[in-house]
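**Student:** From the sequence below, what's the structure:
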Amino acid sequence: MASSTRFFALAVFVFLSISVCQGARHLLDTPAAAATPPVPTTPTLPVPTIPALPQPQLPPLPPIPMNPAIPNFAAPPMPAIPTIPGIPFIPAFPAIPGIPFLPPPPSTKSP
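**Tutor:** Down below sits the predicted model:
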């Protein structure tokens, strides 16, 4: 089974490479393209003039009616907000003691 799959894969590879080679050979055998004639220019057409449209006379707009004024209402008094009880005392943490620095060790005299 595995040998038939390998044979089929090899046959497909050979077939594809032959068709690519034949296509490249065909491109190499074709003569160079002949020079194309220049493209003729398009003639310019005259631009037509558009006559002015008549302006219609519109009747004046009626006045915009005024909306009645909105009456001002007195808001009821706001209820009193109860006070929040105080936060209990939080003790302060003691300061972290510093690390004492030791003097450098004595230097050794080398001979």
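**Student:** For this structure, just list every one of the helices.
**Tutor:** 2-29 (DSSP state H).
**Student:** Show me the shaky parts of the protein.
**Tutor:** 1-2, 18-26, 30, 110-111 (pLDDT under 70).
**Student:** which residues touch stretch 103-111?
**Tutor:** Residues outside stretch 103-111 that contact it (C-beta atoms under 8 Å, 6 or more residues apart in numbering): none. Using the backbone N, CA and C atoms, a C-beta is placed for each residue, glycine as well.
**Student:** What residues sit buried inside that stretch?
**Tutor:** Neighbour counts over stretch 103-111 (16 or more other C-beta atoms under 10 Å) mark no residue as buried.
**Student:** Please put the alpha-carbon coordinates of that stretch into PDB.
**Tutor:** Taking Å, rounded to 0.1, in the frame of the first residue of the first chain, the C-alpha atoms of stretch 103-111 are listed here in PDB:
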ATOM      1  CA  PRO A 103      33.200  49.100  59.400                       C
ATOM      2  CA  PRO A 104      35.100  47.500  56.500                       C
ATOM      3  CA  PRO A 105      37.400  44.600  57.300                       C
ATOM      4  CA  PRO A 106      41.000  45.400  57.800                       C
ATOM      5  CA  SER A 107      43.100  45.200  54.700                       C
ATOM      6  CA  THR A 108      45.600  42.400  54.400                       C
ATOM      7  CA  LYS A 109      49.100  43.400  53.600                       C
ATOM      8  CA  SER A 110      50.500  41.200  50.800                       C
ATOM      9  CA  PRO A 111      54.200  40.700  50.700                       C
END
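**Student:** Check the offset of that stretch from the chain's centre.
**Tutor:** 66 Å (C-alpha atoms, centre = their mean, to the nearest Å).
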